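Enquirer: Pasting a predicted model and its sequence here:
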Amino acid sequence: MAQIQWYPGHMQKAKREISDKLKVIDIVIELVDARAPYSSKNPMLNDIIQNKPRLIVLTKKDMADDLVTKQWLDYYQQHHYYAMSVNLKNFNEYQMIIDQCRFILKDKMAKEQSRGIKPRAIRAMVLGIPNVGKSTFINKLASRKATVTGNKPGVTKSQQIIRVAKDFELFDTPGVLWPKFEDERIAKNIALIGSIKQDILPLDDLFIYAMKYLSEYYPQLLQNRYQLSIDLEDENWLINTFDHIAKLRRIKPIRGETDYDRVMQLFFSEINNGIIGSLSWEDPTCVKE
Ligand code: G4P
């Protein structure tokens, strides 16, 4: 799992590298995590890619709440973005992404040909913040099919373009973007989806946030996984929750006290892996226009 600390210098460098590559690509494939598509979106993406055609791909749909993912897809459609959701662990879905890129660019390619330009492959680039599935996407396509076509005009020596289909090429390295740190809610969401290290936030705050959210929106998942039902009106709900999970999972107490750190570790790893069940951390009502 990639973990990157972002500083202004890093951001400028990433922006510059992506802007350079943009000159030679036809379409950006922007990956966001379906469980938190707003929080996992780079804040300056519009500014960086400007009018370049774009396909927004909501990855990890298998870990997200289907109903909420549908709301997100409707939201993108209403705002005139091309968007789709996928499970990158399922290879059949890669073809859909490529087909959608072809569809988005069909007028552009037809226009080029009508001006006498030889038919050529579409060239795409994958962008996204850490842990949204960029390497999974590129590696899967590269290992299965690709012929490496080597350096081409506009492509620096260290980069390579892989031919994924007769009419489709992809940069072999993704554009890694920095996540949003706009507010606490967003920082917590991106920690819960594993795009930043969880321990850069106070872990108990993150635990409280996640538990409150789950008890409000997904009480059934807490019930199924931990036989837990939280009553937020009860002033002891937090301590009771810790004790309950520790007992259920036989986490050894330390000097007679519940091992809170172990409980949190267990919970966050189950959240990260999606073991608790399919859930989304935000719906489109969270978007700040
Ligand atoms: P990145 O390059 O954007 O940083 O992300 P990367 O491809 O490394 O993916 C991060 C993790 O997310 C990987 O798991 C990957 O397998 C998983 N992943 C990516 N897309 C999907 C998806 O659509 N559904 C599910 N369920 N998982 C997805 P990992 O635990 O870090 O590694 P591993 O399980 O592949 O060994």
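Expert: Cool, the structure landed.

Enquirer: Please pull up the helix or strand immediately following the helix or strand of the chain with the lowest mean pLDDT.
Expert: Each helix and strand of the chain was given a mean pLDDT (mean pLDDT, DSSP states H and E); the minimum falls on strand 147-148 at a mean of 48. Remark: after strand 147-148, the chain's next helix or strand is strand 161-165, criterion DSSP states H and E.

Enquirer: Direction included, what does that next one pair up with?
Expert: Each strand pairing with strand 161-165, determined using DSSP bridges, is listed with its direction: strand 147-148 (antiparallel), strand 168-171 (antiparallel).

Enquirer: For residue 243, the count of nearby residues, please.
Expert: Here the count is done by other C-beta atoms under 10 Å, and residue 243 has 17 residues near it. Every C-beta, even on glycine, is put in place using the N, C-alpha and C of the backbone.

Enquirer: Dihedrals phi and psi, the nearest residue to it once chain neighbours are set aside?
Expert: On the basis of C-beta to C-beta, 6 or more residues apart in numbering, the spatially nearest residue to residue 243 that is not a chain neighbour turns out to be residue 258, at 5.3 Å. Backbone torsions for residue 258, taken as degrees, to the nearest 10, come to phi -60, psi 140.

Enquirer: is it true that residue 258 touches residue 251?
Expert: Yes: contact between residue 258 and residue 251 holds when scored by C-beta atoms under 8 Å: they sit 7.4 Å apart.

Enquirer: Dump stretch 163-182 to CSV, keeping only the CA atoms.
Expert: Once non-C-alpha atoms are left out, stretch 163-182 reads as follows in CSV (Å, rounded to 0.1, in the frame of the first residue of the first chain):
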residue,chain,number,x,y,z
ARG,A,163,0.3,-1.2,-26.0
VAL,A,164,-2.7,-2.7,-24.4
ALA,A,165,-4.8,-3.2,-27.5
LYS,A,166,-4.2,-2.5,-31.2
ASP,A,167,-5.8,0.9,-30.7
PHE,A,168,-5.0,1.6,-27.1
GLU,A,169,-1.8,2.7,-25.3
LEU,A,170,-1.1,3.5,-21.7
PHE,A,171,1.7,5.2,-19.8
ASP,A,172,3.4,2.5,-17.6
THR,A,173,3.7,4.8,-14.6
PRO,A,174,0.6,6.5,-13.2
GLY,A,175,0.4,10.1,-12.1
VAL,A,176,0.4,10.0,-8.3
LEU,A,177,-1.6,12.9,-6.9
TRP,A,178,-1.8,14.2,-3.4
PRO,A,179,-5.0,13.8,-1.5
LYS,A,180,-7.2,16.6,-0.1
PHE,A,181,-6.6,17.7,3.4
GLU,A,182,-9.3,20.3,3.3
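
Enquirer: could you give the mean pLDDT of that stretch?
Expert: Within the predicted structure, the mean pLDDT of stretch 163-182 is 86.

Enquirer: in it, what's buried?
Expert: Residues of stretch 163-182 classed as buried by neighbour count (16 or more other C-beta atoms under 10 Å): 163-165, 168-180.
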